[in-house]
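Asks: With the sequence up front, the predicted model follows.
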Amino acid sequence: MASSSENSGWGSQQKDPKQALAEDKWDDCMSCRITGSAAFIGAGIYSYHSGMTNLRKQEKSIMQSTSQFKMGSRRLGVSAIAGTLVAMGIYRAFN
């Protein structure tokens, strides 16, 4: 009959949980970081540019609408989304 250490999953021995977490630390390659960072920053820049362009095109109809959200709050929303995407790209580059 086999001992319990031989049957403990894929032939490996039990490890201390803290040691297993320390060994499981994962790191990206540099090209993955650059690509991911560029994608987030590019999406942020595109989001800002296209959002502001659309707001300028729609400004007359937005100001005539009965919505409580006029140009200021809409610009803030576009800027917040774009800023968040750029910040995620910077975070991705360095962490």
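Replies: Arrived safely. Quick caveat, the model's predicted, so the values are computed rather than measured.
Asks: Might you list the low-confidence residue ranges for this structure?
Replies: 1-13, 24-25 (pLDDT under 70).
Asks: Show me what the top helix by length along it packs onto, helices and strands only.
Replies: Assignment by DSSP state H gives helix 30-64 as the longest helix of the chain. Using 3 or more C-beta pairs under 8 Å, 6 or more residues apart in numbering; DSSP states H and E, the elements in contact with helix 30-64 are helix 71-94. Heads up, the C-betas are built off the backbone N, CA and C, glycines and all.
Asks: ok, residue 33 - contacts?
Replies: Shown in contact with residue 33 (C-beta atoms under 8 Å, 6 or more residues apart in numbering): 92-93.
Asks: start the count at 40, not 1, going forward
Replies: Got it, first residue is 40 now, which makes that one residue 72.
Asks: Would you mind measuring from it to residue 124?
Replies: From residue 72 across to residue 124, the span is 16 Å (C-beta to C-beta, to the nearest Å).
Asks: same thing with residue 96?
Replies: From residue 96 to residue 124 the distance is 22 Å (C-beta to C-beta).
Asks: Comparing those two, which residue is more hemmed in?
Replies: Neighbours per residue (other C-beta atoms under 10 Å) separate residue 96 from residue 124, with residue 124 holding more: 19 against 10.
Asks: thinking that one is in contact with residue 86, fair?
Replies: Yes - under the criterion of C-beta atoms under 8 Å, residue 124 makes contact with residue 86 at 6.0 Å.
Asks: what's near enough to touch residue 86?
Replies: Per C-beta under 8 Å, 6+ apart, neighbours of residue 86: 117, 120-121, 124.
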